[in-house]
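[1] For reference, the sequence and a predicted model appear below.
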Amino acid sequence: MNSITARNKSEKRFKMYGKVAVTVAISFLVILLYNIFSSGISAFKQTYVAVQLDIPANLDKKTLNPRSELNKSFLKMFPDLQSRAEKRAALSLLSKGARYEFKDLLLNNEGKDLKGYYWFLASSDLDMYIKGTVKRQGDTAGRIDEYQMKLIDILQSKNLVELHSNKYLFSSADSREPEMAGIKGAILGSLYAIIIAFLVSFPIAVMSAVYLEKIATKNRFSDIIETNINNLAAVPSIVFGLLGLAIFLNFFELPRSAPLVGGLTLALMTLPTIVIAARAAIKSVPPSIEEAAIGLGASKVQTIFGFTLPLAMPGILTGTIIGIAQAIGETAPLLMIGMVAFVVDAPGGPMDASTALPVQIYLWADSPERAFTERTSAAIMVLLGFLILLNLTAIYLRKKLEKKW
Amino acid sequence: MISFLVVLIFGLAVYGFILNSSKARALAEFNILHSQPHYHGLYSAFMTIVPAIILLIFWSFIVNMISNITLKDFFSDVTDDGLVKFYTEGVIAYVEGTTDRIIDHVGFIPAVEHYQSLQSSNQILKFAVVLMLTLILFKHSLKFVEVTFKARDFIERIVILVMRASAVFAIFVTIGIVLSLLFETLRFFESVNVFDFLFGTHWSPQMAIRADQVGSSGSFGAVPVFVGTLLISLIAMAVAGPIGMYSAIYLSQYASDKVRSYAKPIIEILAGIPTVVYGFFAVITVAPFFRDMGTFLSFTNMSSESAIVAGTVMGIMIIPFVASLTDDALTAVPQSLKEGSLAMGATISETTKQVIIPASFHGIVGSFLLAFSRAIGETMIVVMAAGFAANMTFNPFDSVSTVTVQIVGLLTGDQEFDSPKTLSAFALAFVLFFITLILNVISLAIVKRYREQYE
């Protein structure tokens, strides 16, 4: 037998291993969240450049070419520029989106003077420099060359470059220009898909849970269904994607990339999760209540719909929300049914081509354009925000509605 | 026309519900009915809606089939099946007005005329027959409000039928998975030998697009892909196994209730984070970290898409699976065993190592198997952090590919359904499905057996 001190030492060591393991696990979470937040927070601001405009009220603003007019006004601020290359370098500090903003400005100010400084969207290169994502090295920074750096210094000395809140992030869909890309289309696509997934999987799951718990007699058949559902819960999500591809796209010939198909595929995937949660909730309803109902003359179906289901509903809803939260973050099955398309318009309905939030994250993360990195993190923050909201709802429901029997 | 019909049917159903239930209510004032009034109402509504809708769906299905077959006759000189399908779809789209493109084929105009006449007669006939059925059943259902009529029994039988159908639906999902994978897999094995696929050691699914292209005949030996999957999953288990298990031991044996109630949910958050987020984390944080470490330790041949990056991040993801399943196994050990050991003077660590872990060994093995099957099927982390080129290596600093990466790579983007390249994704998915299924069945069986031991 070992000495007491040796045993105590080994006891201490063992306990420390446990503590270290827990700490490591939690610190992984902290590092992950910190990384995402620190790189994503800057995407909620966007760089704008002030351009001095001088457009008299009597000018017919509809005939004006917004692009050349804006370029002219911008170049007028730098009278020193001579060569075409210098001018081109200067103009590329503005985003392609600036001309649309200018056009809107013109249309909204019909018959008014436009004089003074107005703010326009800057290009992603300038944006990254202002935010410090790319560092200055001598006279250049990332893709910003010497010409542009000189102009940026002038603009900054006059306070004509500012960070404003990023309105594109939530009001536009995907775009090739990082500074104009947003997640509106992806959020809508996810929303449609999730609503469809819920509408399809919830009734089927609750019905089958009731059947397995309350109606089926324990026999071979109900055993098969039970093991089948348990195994279905462990099938990799990508296999459900292939199922969706084979059945919904190739057999039923539903449109590719549509949130409808995504929703149906996710419904099949969340079905087992909800069934398992619903069964546990139904099982926890005390039999005495059901027996009392039966004793008073209620039929089996009346007991189920009048007593069992209402009492089990908090548990069922909690399980459903957790299943839906899983489905929102799911990417692989959506890749299989073609929801990876580059879509510049937000979908108007569940049949329109669209992406989903996690797929948008994947697309942006894959993009070689460095300016998309902060947007990817911002999209992840939005996605995590949704998930936290859903989980808090689940916790709240459980606390609020749970009864101790 | 159809939407009008559907609205009409639903209107009739509501009317039937109101009519029958009020009639039953009137009857109930002086009699004792077998079923409560609203069941009588539901009976009428059911009889009005359900048969009509079933007929409507069935009818559309049959007519679609007939029109497809008859339309094909107009293009009987075209030999390509895909082209015939394209033509018939063009005719249907033209008649329905979604496009005004006229296909350059002699059969097009007659086909359009044929389809138009078919559609117009079909519309009228469908409307008449469905409406007739609805009216007959509606009228019929009104007669049944009687003291002895068992409307409730009827409705309840239907409800139970729907429940049973829902439960069976899960089986159909499984059958659907197996059939859809099997069907394409068998087609794949028509062009590629089964043994070449399962035991071949060279994987490069790129096929020559033109016959005269050199060097890309496509070879489908899946062993490198399996090896890559195994390697990444093993790295993941090497990360998640110790961390998950020691966390579970600490939280179940040492931690106070307060610590436990905070630490457990925090660790479980790791399981709730979408895998695409882990993928991004792997690319922007973990990969540079390992690369810097590689340069620091002067490893020069370190790949930026090395297996260790994907494996480590996947390991982080499955920590909570291992932790919570192991925790379940540890806490299922009867308290008396633990207390007996402690009473003999053993320390907690000795009790854990010599009593609790042996007693819950089955459960722990089961939890590891479940976590392993999770790692094998995981997609997004490896798609983003591992490579597409399938190298046959066990070196964790090399780039390897996995089954799921190959499936995604082969099936995203343009796909033709007959090429072995596309079909090979289904064969890989079939293997993946089969292996995860077996792992799951085994682990569930193990967990069940040990649980019974203590009950």
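    Great, that's in hand. Numbering: from 1, shown residues only, chains lettered A, B, ... in the order given.
[2] From B:Leu342, how far off is the nearest residue to A:Val285 once chain neighbours are set aside?
    Once flanking residues are discounted, A:Val285 sits nearest to A:Leu311: 4.7 Å by Cβ to Cβ, 6 or more residues apart in numbering or on different chains. For the C-beta atoms, the positions are set from N, CA and C on the backbone; glycine is no exception. Noted for A:Leu311: a distance of 40 Å to B:Leu342, by Cβ to Cβ, to the nearest Å.
[3] Those two: who's more crowded?
    A:Leu311 (19 against 14; other Cβ atoms under 10 Å in any protein chain shown).
[4] What helix or strand is the more buried one located in?
    helix A:309-329 (DSSP states H and E).
[5] go on, A:Val49?
    Judged by DSSP H and E, A:Val49 forms part of strand A:45-55.
[6] Contacts for that strand, please.
    A:61, A:64, A:69-70, A:73-74, A:76-77, A:93-94, A:98, A:106, A:113-122, A:126-127, A:130-131, A:155, A:160-169, A:179 (Cβ atoms under 8 Å, 6 or more residues apart in numbering or on different chains).
[7] Narrow those to just the buried residues.
    Listed as buried from these are A:61, A:69-70, A:73-74, A:77, A:93-94, A:98, A:106, A:114, A:118-122, A:126-127, A:130-131, A:155, A:160-162, A:166, A:168-169, A:179; burial here means 16 or more other Cβ atoms under 10 Å in any protein chain shown.
[8] Flag the shaky bits of the stretch 51-200 of chain A, pLDDT-wise.
    When residues are selected by pLDDT under 70, those of the stretch 51-200 of chain A lie in A:60-62.
[9] Now the residue in it that chain B sits nearest to: closest residue in space, sequence neighbours ignored.
    At 10.3 Å from chain B, A:Val200 is the closest residue in the stretch 51-200 of chain A, using Cβ to the nearest Cβ. Excluding the flanking residues, the one nearest A:Val200 by Cβ to Cβ, 6+ apart is A:Ala267, at 3.8 Å.
[10] For the helix or strand that contains that neighbour, buried residues please.
    Assessed by DSSP H and E, A:Ala267 sits inside helix A:259-283. Using 16+ other Cβ under 10 Å as the test for burial, helix A:259-283 gives A:259-282.
[11] Could you pick out the residues of the stretch 201-350 of chain B near chain A for me?
    B:242-247, B:249-251, B:253-255, B:263, B:266-267, B:269-270, B:272-281, B:283-285, B:316, B:319-320, B:323, B:347-350 (Cβ under 8 Å from any Cβ of the partner chain).
[12] Can you tell me how far B:Thr422 is from B:Gly377?
    Where B:Gly377 is concerned, B:Thr422 sits at a distance of 20 Å (Cβ to Cβ).
[13] and those two? which has more neighbours close in?
    For the pair B:Thr422 and B:Gly377, the greater number of neighbours falls to B:Gly377 (25 against 19), based on other Cβ under 10 Å.
[14] which ones are touching the nearest residue to the more buried one once chain neighbours are set aside?
    In this structure, B:Gly377 finds its nearest non-sequential neighbour in A:Pro236, 2.6 Å apart by Cβ to Cβ, 6+ apart. Applying Cβ under 8 Å, 6+ apart to A:Pro236 gives the contacts A:332, B:376-379, B:404, B:432-433, B:436.
[15] quick one: pLDDT of A:Pro236?
    With respect to pLDDT, A:Pro236 has a value of 91.
[16] In this structure A:Gly40 contacts A:Leu383, no?
    No: contact criterion Cβ atoms under 8 Å: A:Gly40 and A:Leu383 do not qualify, at 10.7 Å.
[17] Next, see if stretch A:11-21 gets close to chain B.
    Yes: Stretch A:11-21 reaches chain B (Cβ under 8 Å from any Cβ) through A:11, A:13-15, A:17-21.
[18] Partner strands of the strand holding A:Val49 and their direction?
    strand A:114-121 (antiparallel), strand A:161-165 (antiparallel) (DSSP bridges).
[19] how far does that strand sit from the chain's center?
    30 Å (Cα atoms, centre = their mean, to the nearest Å).
[20] residues of that strand that come out buried?
    Residues of strand A:45-55 classed as buried: A:45-51, A:53, A:55 (neighbour count, 16+ other Cβ under 10 Å).
[21] so after that strand, what's the next helix or strand?
    Downstream of strand A:45-55 (by DSSP H and E), the next one is helix A:66-76.
[22] same for the following helix or strand past that following helix, what does it pack against?
    Under the assignment DSSP H and E, the closest C-terminal helix or strand after helix A:66-76 is helix A:84-91. Where contact means 3 or more Cβ pairs under 8 Å, 6 or more residues apart in numbering or on different chains; DSSP states H and E, helix A:84-91 is packed against helix A:66-76, helix A:146-157.
[23] Can you tell me what sits against stretch B:37-48?
    B:9, B:12-14, B:16-25, B:28, B:33, B:134, B:137-138, B:140-142, B:144-145, B:149, B:151-152, B:154-155, B:158.
[24] next one: stretch B:226-244
    A:21, A:24-25, B:307-308, B:310-312, B:314-323, B:326, B:368, B:371-372, B:375-376, B:382, B:386, B:390-394, B:396, B:400-404, B:431.
[25] Any quick PyMOL command for the buried ones out of the residues you listed?
    Entered in PyMOL, the line below selects the buried ones among the contacts of stretch B:226-244, by 16+ other Cβ under 10 Å:
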select buried, (chain A and resi 21+24+25) or (chain B and resi 307+308+310+311+312+314+315+316+317+318+319+320+321+322+323+326+368+371+372+375+376+382+386+390+391+392+396+400+401+402+403+404+431)
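[26] interface residues of the stretch 1-150 of chain A facing chain B?
    Residues of the stretch 1-150 of chain A lying near chain B (Cβ under 8 Å from any Cβ): A:7-8, A:10-11, A:13-15, A:17-22, A:24-26, A:28-29, A:31-32, A:35-36, A:39.
[27] now do 7 Å
    Within the stretch 1-150 of chain A, the positions near chain B by Cβ under 7 Å from any Cβ of the partner chain are A:7, A:10-11, A:14-15, A:17-19, A:21-22, A:24-26, A:28-29, A:32, A:35.
[28] From these, list the buried ones, please.
    Buried among the residues of the stretch 1-150 of chain A next to chain B by 16+ other Cβ under 10 Å: A:7, A:11, A:14-15, A:17-19, A:21-22, A:24-26, A:28-29, A:32, A:35.
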